[in-house]
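> all I have is the shape, not the residue letters:
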């Protein structure tokens, strides 16, 4: 069991990172990705992220990187149901 803290990213954060959006805090995002790769933090996202990324304009090579993170089980994919949405809502 991994006791590393869990950080949740919304689709907009993933898209900003994947597209190297200049208005985003890319250094901080890259630091979190590096910490994740070293097991210091765990990244969580909704499974809805897949559908939203498929509709995005993220470059294909960046989507491949995202797919690698998903297949390596580096990102915790969270199923969203009504109860989970209600719990997450106040945290936003």
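Thanks, I have it. Here the structure is a predicted model, which means the values were calculated and not measured. Residues are numbered from 1 along each chain as shown.
> quick one: buried residues of the helix or strand residue 28 falls within?
In the assignment (DSSP states H and E), residue 28 maps to helix 26-37. By 16 or more other C-beta atoms under 10 Å, the buried positions in helix 26-37 come out as 29, 32-33, 35-36. (C-beta placed from N, C-alpha, C; glycine too.)
> who are the packing partners of that helix?
Other helices and strands packing on helix 26-37, by 3 or more C-beta pairs under 8 Å, 6 or more residues apart in numbering; DSSP states H and E, are helix 11-18, strand 42-46.
> which residues sit against the first one?
Contacts of helix 11-18 with the rest of the structure, by C-beta atoms under 8 Å, 6 or more residues apart in numbering, involve 21, 23-24, 26, 29-30, 33, 45-46, 48-49, 52-53, 56, 58-59, 62-63, 65-66.
> now, which of the residues you listed lie within helices?
Using DSSP state H, the members of the contacts of helix 11-18 that fall within helices are 26, 29-30, 33, 48-49, 52-53, 62-63, 65-66.
> as CSV, the helices and strands packed on helix 26-37 with mean neighbour count would be great.
Formatted as CSV, the helices and strands packed on helix 26-37 follow (neighbours: other C-beta atoms under 10 Å):
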stretch, mean neighbour count
helix 11-18, 19
strand 42-46, 19
